[in-house]
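**Student:** Everything below, folded, please.
(2 chains)
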Amino acid sequence: MPETRLHAQNDRELTFAQAIREALAEEMRRDKTVCIMGEDVAEAGTPFKVLSGLLEEFGKDRVLDTPISEAGFTGLAVGAAMTGMRPVVDIMFGDFVTLTMDQMVNQAAKVHYMSGGKWKVPMVMRTTMGATRRSAAQHSQSLHAWFCHIPGLKVVLPSTPYDAKGLLKAAIRDENPVVFFEDKMMYKLKGAVPANDYTVPLGVADVKRVGEDITLVATSSMVQVALGAATMLEEIGISAEVVDPRTMWPLDEKTLIESAKKTSRAIVLDEGYERYGVTAELASVIASGAFYDLDAPIKRMGAMHVPIPFSPPLEDATVPTEQTVFEAARALCGR
Amino acid sequence: MTTVTQPRAASQEVDLWLRMYRQMVAIRQFEAQVNELYTRALMPGLAHLYIGEEAVAVGVCEALDRTDYITSTHRGHGHCLAKGASPDRMFAELLGKKAGYCKGKGGSMHIADPATGNLGANAIVCGSAGIATGAAFSAQHLGNGRVSVCFFGEGALGQGVLYEEMNLAQLFKLPVIYVCENNLYTEYTHYTETTAGDILMRATAFGLEAASVDGQDVRAVNGIAQRLVSRARHGNGPSFLLCNTYRYHGHHVGDINREYYRSKQEEQKWKTERDPIANFRKWLIEQKIADAAALDRVQAELELEMKKAVDFAIAAPYPTANEVGEDVYA
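**Tutor:** Residues are numbered from 1 along each chain as shown, chains lettered A, B, ... in the order given. Now for the predicted structure:
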């Protein structure tokens, strides 16, 4: 039974953005070493208003506006994390992670290993992903695969408000650097979110919809796309199972493989670039683990290999949609 | 210990001077052993020697408490030793042995040691400016009174992140000191070919307290470091210290033919006229703080200690291959 549904009857509904804010507020109340830093995180509460109200409760010593210096404040967070703080850095648009790569890849990811396990870097980088906001090529990318490639980092992609709260709380409590990707197109998505203190462990996939004929492995907002496609498929008699890995690393390989074995067909959906991307890795995991149970080649669907264009009809063509997933699944099932 | 003859200064000061002398000699002897190990092919990888620059690490680290933080560079052995690392575990790390500070996983360019506040040497030029600034951020937020020192070579002046960190440090009034060791050569290129304008003005532009010092004079380095550390500890914010020094050896062991970027005469001049250890030794004797025999004994003691430390490292076992996957995640 999907976890989100277990709570559906009794709980309030929050938006994805509210769930993120609640997770941060709860962890900041719990632990005085948790602080937030980034561009326009304080009074402005970010351009997406995800952090509104945190400054008022926690003050400017713990909700810190920084200069537009992504490398600078990310590097500062690495050092702060090593020495007793639990910083959460906010990188406004996922495209700007390019500016932080030395700090994350050469510093944060390697400090623990290079020091023989002596220093730790318990920090979280929150950033965004996702196209179709008409923001063009430098404000629309989904670059999470870059971090998945690096040993020492953990990478989280929540797809529901429930998961967003639980996973973010787990990420903040984790002893390692965690990169947390929020699809900016989901900030207004509503869902059941318990008011209590809960975490969703990193490395545990969630079956968002149970099905028999085909497995749709999907990440972040692609989970919502997959669920929509599954409803369409049901109408033509195809029962689709939707599996959300929730964390790219650590990766719950078992749940992916078990689902593919059961249904014998799989499509992997992710909004990052398809080439050398998350879909390639997840498809490879399924191919290795479920090869003899598969009745069809694994299909990958990701962003087209183009810079994200501005013009709406062009941009819409770059990412999977309910319709394209529906058609791919139907073809894979031989209908 | 060294015999003190006719103390003319407060004993505390004399102790400090003699400790600084000992530490500088220790670093030089350590590096001489590294050179030896490397040229005998006992040490894998790369070795960047600190010989000639000892007064900087020692002068600065002697102004710090054990719990204060430092970050270091690819040329970091001197900083690590000056902050209190022990030579045997340093050599073990350099040889990739399990008894090393990082269980052999870091090597020469990545010595780290929480027990002495060493956040780690860093092989990315300017790679630790963020870490050092972040440690100062923690010190301020946790109110533990610690100070953080970021050592870097003048080559790091070419990295933009340094200026982002100085800006942040000044905005947040963080207790961090950026110590720039200008050894004149950015690898194989004279720094004037890569550095425009005035170095100190780069720091003063952000409002940092900035000073330059003769990096071959350990007392001068220590004096100014004490002032900047005290300033930081009392909440008066970050500062920048430019130490003018010289790298006696090549960029790395093996950089032997250096004539295309600097002359032998220049090297000789620094070694004979500006050597931080020889000059300090001369001063200690002139001031009758120690006699030559006592200082020779220091030298002999350290030679023995270094030899023992090297023997320890050579005899120490390598990690086993099944440890390779440990410590990736905490």
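**Student:** so which strand or helix has residue A:180?
**Tutor:** Per DSSP states H and E: residue A:180 is located in strand A:178-183.
**Student:** For that strand, what does the pLDDT average out to?
**Tutor:** Mean per-residue pLDDT for strand A:178-183: 98.
**Student:** Pull up the gap between the closest residue to residue A:67 other than its chain neighbours and residue A:129, please.
**Tutor:** Counting by Cβ to Cβ, 6 or more residues apart in numbering or on different chains, the nearest residue to residue A:67 once its immediate chain neighbours are dropped is residue B:167, at 5.9 Å. The way it works is simple: take the backbone N, C-alpha and C, and place the C-beta from them, glycine included. The gap separating residue B:167 from residue A:129 is 28 Å, by Cβ to Cβ, to the nearest Å.
**Student:** Run through the neighbouring helices and strands of the helix or strand in which the residue nearest to residue A:67 is found.
**Tutor:** In the assignment (DSSP H and E), residue B:167 maps to helix B:160-172. Packing partners of helix B:160-172 (3 or more Cβ pairs under 8 Å, 6 or more residues apart in numbering or on different chains; DSSP states H and E): helix A:70-82, helix B:129-142, strand B:176-182.
**Student:** Make JSON lines out of these and add distance to residue A:50, mean pLDDT and mean neighbour count.
**Tutor:** Below are the helices and strands packed on helix B:160-172 laid out as JSON lines (distance: least, Cβ to Cβ, whole Å; pLDDT from 0 to 100; neighbours: other Cβ atoms under 10 Å in any protein chain shown):
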{"stretch": "helix A:70-82", "distance to residue A:50": "17", "mean pLDDT": "98", "mean neighbour count": "30"}
{"stretch": "helix B:129-142", "distance to residue A:50": "23", "mean pLDDT": "98", "mean neighbour count": "28"}
{"stretch": "strand B:176-182", "distance to residue A:50": "30", "mean pLDDT": "98", "mean neighbour count": "27"}
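**Student:** So for residue B:192, which of these sits nearest?
**Tutor:** Nearest of the helices and strands packed on helix B:160-172 to residue B:192, taken as Cβ to Cβ: strand B:176-182 at 10.4 Å.
**Student:** and the closest one, which strands flank it?
**Tutor:** Sheet partners assigned to strand B:176-182 using DSSP bridges are listed as strand B:148-153 (parallel), strand B:239-244 (parallel).
**Student:** and after the lowest-mean-pLDDT helix or strand in chain A, which helix or strand comes next?
**Tutor:** When each helix and strand of chain A is scored by mean pLDDT, DSSP states H and E, helix A:3-6 comes last, with a mean of 51. Counting by DSSP H and E, the next helix or strand C-terminal to helix A:3-6 is strand A:13-15.
**Student:** pLDDT of that next one, averaged?
**Tutor:** Rounded mean pLDDT across strand A:13-15 is 97.
**Student:** can you check stretch A:275-283 too?
**Tutor:** 97.
**Student:** how about it: buried residues?
**Tutor:** For stretch A:275-283, the buried set under the neighbour-count rule, 16 or more other Cβ atoms under 10 Å in any protein chain shown, comprises A:277-283.
**Student:** Not counting its neighbours along the chain, what's nearest residue B:248?
**Tutor:** Once flanking residues are discounted, residue B:248 sits nearest to residue B:52: 3.7 Å by Cβ to Cβ, 6+ apart.
**Student:** Just give the number of residues close to that neighbour.
**Tutor:** As a burial measure, residue B:52 scores 25 neighbours (other Cβ atoms under 10 Å in any protein chain shown).
**Student:** can I assume it sits in a helix?
**Tutor:** No. Under DSSP: H, G, I helix; E, B strand; the rest coil, residue B:52 falls outside any helix and is assigned coil.
**Student:** Against chain A, how distant is it?
**Tutor:** Look at residue B:52 and chain A: by Cβ to the nearest Cβ, to the nearest Å, they are 27 Å apart.
**Student:** What segments of the chain are helices?
**Tutor:** Chain wasn't specified; assuming chain A. Remark: helices assigned in chain A by DSSP state H are A:3-6, A:16-30, A:54-58, A:70-82, A:101, A:109-114, A:144-148, A:161-173, A:221-235, A:253-263, A:278-290, A:312-316, A:322-332.
**Student:** Let me rephrase: I mean chain B.
**Tutor:** B:11-39, B:54-61, B:77-82, B:87-94, B:129-142, B:160-172, B:199-204, B:218-233, B:264-273, B:276-286, B:292-315.
**Student:** domain parsing for chain A?
**Tutor:** For chain A, the domain assignment from automatic domain parsing gives the residue ranges A:3-192, A:206-332.
**Student:** For stretch A:143-163, list the C-alpha coordinates in PDB.
**Tutor:** C-alpha atoms of stretch A:143-163 as PDB (Å, rounded to 0.1, in the frame of the first residue of the first chain):
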ATOM      1  CA  LEU A 143      20.900  18.200 -13.400                       C
ATOM      2  CA  HIS A 144      20.600  15.700 -10.600                       C
ATOM      3  CA  ALA A 145      22.400  13.000 -12.500                       C
ATOM      4  CA  TRP A 146      25.600  15.000 -12.100                       C
ATOM      5  CA  PHE A 147      25.500  14.500  -8.400                       C
ATOM      6  CA  CYS A 148      24.400  10.800  -8.600                       C
ATOM      7  CA  HIS A 149      27.700  10.200 -10.400                       C
ATOM      8  CA  ILE A 150      29.800  11.200  -7.400                       C
ATOM      9  CA  PRO A 151      30.600   8.800  -4.500                       C
ATOM     10  CA  GLY A 152      30.000  10.500  -1.100                       C
ATOM     11  CA  LEU A 153      26.900  12.400  -2.100                       C
ATOM     12  CA  LYS A 154      23.300  11.300  -1.600                       C
ATOM     13  CA  VAL A 155      20.600  12.500  -4.000                       C
ATOM     14  CA  VAL A 156      16.900  12.900  -3.100                       C
ATOM     15  CA  LEU A 157      14.000  13.600  -5.500                       C
ATOM     16  CA  PRO A 158      10.700  13.700  -3.700                       C
ATOM     17  CA  SER A 159       7.500  13.400  -5.800                       C
ATOM     18  CA  THR A 160       4.700  14.200  -3.200                       C
ATOM     19  CA  PRO A 161       4.200  16.600  -0.300                       C
ATOM     20  CA  TYR A 162       4.300  13.600   2.100                       C
ATOM     21  CA  ASP A 163       7.600  12.400   0.800                       C
END
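**Student:** quick check, it touching chain B?
**Tutor:** Yes. Stretch A:143-163 lies within reach of chain B by Cβ under 8 Å from any Cβ of the partner chain, at A:151-152, A:154.
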